[in-house]
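**Q** sequence first, predicted coordinates after that:
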Amino acid sequence: MATENDGGLEFHPLDQFIVKPLFSDGPVHWYTVTNVTLWLAIALVAITALFVFGSRGRAIVPSRTQSIGEVLYGFTYKMVEDVAGKDAVKFFPYIFTLFMFILFSNYLGLLPMSFATTSHIAVTAVLALAVFFTVTILGFVKNGTGFLKLFWVSSAPLALRPILAIIELISYFVRPVSHSIRLGGNIMAGHAVMKVFAGFAAIAAISPVAVLSITAIYGLEMLVAGVQAYVFTILTVVYLRDALHPAH
Amino acid sequence: MEGDIAQLGQFIGAGLAGIGSGAAAIGVGHVAGNFLAGALRNPSAAGGQTATLFIGIAFAEALGIFSFLIALLLMFAV
Amino acid sequence: MASGTETTADGAGMPQLDFATFPNQIFWLAVTLVAIYFVLSRIALPRIAGVMSERQGTITNDIAAAEELKLKAREAEEAYNQALAEARAEAQKIAAETKAEIQGELAKAQEKADAEIAAKAAESEKAIAEIRAGAVESVKAVAKDTTKEILSAMGSKADAKAVTAAVNARMKG
């Protein structure tokens, strides 16, 4: 709840995350066009602009936009190949889609007055659960019951293995939770902290400090936005490796 | 400002949960510092381990984010 | 708890936990993800992969061509060196042959010259001997003649035989 104290300071750090209909004041139905829709669409447009219009020249010597796209492509491709192996390359488009969506959403969310779609648990949970179910189903399809070897640590002493299996099982099911909350929480925390400092800026005496702090935290958030997108992606790739090669 | 005893507990709890962020900061510093120490000893092996570094940082930081989330829940959702 | 009851009201509470907005977010997220996936996998990724492999191909070709040219240059250098060595050996051989030939000719010429000189010397000796003999005869004839003349001048008939014998005896003496 927004806190009010005697000095008239008002903090509404979470108001920026409210989902509002764009064109009416009515309730939010599943089909309503909201600010979420708007910023998801902007992410789509930005990705299309970078990868489709940026590379339309198909130049051997790339233009600036094209080389940004190529760097991202090469970076992700190498990551998938190095971490999950050659046979994971056919999942590269899915992973690249996830990575680009999160990366663009994070950075678009940092624009002033924008809406950070990845700060919502609903969004990140869908992403994480999609990864979780894909990886689990893929593991069983590829390896059959051999996928359960993932939980049976054959390098441990026999007596310890059942206990380890339980721990591994729990950690396996906690994966989507930590996977989604890490991303959503990081983005939400950064944005909320910036709003809190913006609230302090209302007091004339400390407003310079507050503005400087916002600048510093904005810089940190630029870093966090990229790192969290990277971390989400590389964890996805690591889970994918577990599904393809479950034996420890 | 007149609140009830429950609100008092809520705010105290949120403040205590905030300590977790500091603990996560220690953890992240530990990961990065140890990585740097290892990387300076064997710089040629450091390049291949940056992914591991980020995963480690992410795990350490996620727990701090959890505590921050608890604080937020106490402040705004309970 | 006061704030708890206000959660669904005007933005109080965490918007992230406002479950009324979840279907909306999930629906639009799914739409966006599918759209991004199709844009990337149908248009962008094949294009970028094509461009990158084409570039790789160009680079590989250029490097191969450069390698080939380098090899050719090395071959040419080797051929040049070999030709140089051959030419030098040939020159040495020719020089040695010429020297031997000249030596031989020189020796032959010298021999011939020696023989000629010897022949000439023998001839000259003979000529000198002839001349010497000729001279003795002439002196005899002159002495005979002179003696005859002196004798006739004195008035006595010179006896040719006696004169000749006397001159001969004198010449010997």
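**A** That came through fine.

**Q** which residues in chain B form strands?
**A** Assigned by DSSP state E, chain B shows no strands.

**Q** longest helix of it?
**A** The longest helix of chain B (DSSP state H) is helix B:5-41.

**Q** in that helix, what's buried?
**A** Of all the residues in helix B:5-41, those buried under the rule 16 or more other CB atoms under 10 Å in any protein chain shown are B:7, B:10, B:13-14, B:17-18, B:20-21, B:24, B:27-28, B:31, B:35, B:39. C-beta coordinates here come from the backbone N, C-alpha and C atoms, glycine included.

**Q** and the residues you listed, which is closest to C:Q56?
**A** B:A39 (31.0 Å; CB to CB).

**Q** skipping its backbone neighbours, what lies nearest that closest one in space?
**A** What sits nearest to B:A39 in space, not counting adjacent residues and going by CB to CB, 6 or more residues apart in numbering or on different chains, is B:A46, at 3.5 Å.

**Q** just C:V139 next, same as before
**A** C:M171 (7.3 Å).

**Q** same question, B:L69
**A** B:L69 sits nearest to A:G185 (CB to CB, 6+ apart), 5.2 Å away.

**Q** next SSE downstream of whichever strand or helix holds that neighbour?
**A** Element membership for A:G185, per DSSP states H and E: helix A:161-200. Of the helices and strands lying after helix A:161-200 in sequence (DSSP H and E), the nearest is helix A:207-244.

**Q** and that following helix, how far from the chain's centre?
**A** 9 Å (CA atoms, centre = their mean, to the nearest Å).

**Q** ok, A:G190 - how many residues close by?
**A** 24 (other CB atoms under 10 Å in any protein chain shown).

**Q** just the CA trace of stretch A:172-180, in PDB.
**A** The C-alpha coordinates for stretch A:172-180 follow below in PDB (Å, rounded to 0.1, in the frame of the first residue of the first chain):
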ATOM      1  CA  TYR A 172      14.100 -29.800 -10.800                       C
ATOM      2  CA  PHE A 173      10.600 -28.600  -9.900                       C
ATOM      3  CA  VAL A 174      11.800 -25.400  -8.300                       C
ATOM      4  CA  ARG A 175      13.500 -24.500 -11.600                       C
ATOM      5  CA  PRO A 176      10.500 -22.700 -13.300                       C
ATOM      6  CA  VAL A 177       9.900 -20.800 -10.000                       C
ATOM      7  CA  SER A 178      13.400 -19.500  -9.700                       C
ATOM      8  CA  HIS A 179      13.700 -19.100 -13.500                       C
ATOM      9  CA  SER A 180      10.600 -16.800 -13.600                       C
END
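
**Q** that one and chain B in contact?
**A** Yes. Judged by CB under 8 Å from any CB of the partner chain, stretch A:172-180 and chain B are in contact via A:S178.

**Q** cool, stretch A:17-32 as well?
**A** No. Judged by CB under 8 Å from any CB, stretch A:17-32 and chain B are separated, with a smallest distance of 10.6 Å.

**Q** quick one: least confident of the buried residues of helix B:5-41?
**A** Within the buried residues of helix B:5-41, B:Q7 has the lowest pLDDT, namely 85.

**Q** A:R58 should be in a strand, yeah?
**A** No. Applying DSSP: H, G, I helix; E, B strand; the rest coil, one finds A:R58 to be coil, outside a strand.

**Q** which strands or helices does the one helix or strand C:E111 maps to pack on?
**A** C:E111 belongs to helix C:45-154 when assigned by DSSP H and E. Contacts defined by 3 or more CB pairs under 8 Å, 6 or more residues apart in numbering or on different chains; DSSP states H and E place helix C:45-154 against helix A:64-84, helix A:92-109, helix C:160-172.

**Q** so where's chain C shaky on pLDDT?
**A** By pLDDT under 70, the low-scoring segments of chain C are C:1-12, C:158, C:173.

**Q** OK, contacts around residue 28?
**A** With no chain named, the answer covers chain A. A:19-21, A:34, C:20-21, C:24 (CB atoms under 8 Å, 6 or more residues apart in numbering or on different chains).

**Q** correction: the question concerned chain B.
**A** B:57, B:60-61, B:64 are the contacts of B:V28 under CB under 8 Å, 6+ apart.

**Q** at 10 Å what do you get?
**A** B:56-61, B:63-64 (CB atoms under 10 Å, 6 or more residues apart in numbering or on different chains).

**Q** inside helices: which ones of the residues you listed?
**A** B:56-61, B:63-64.
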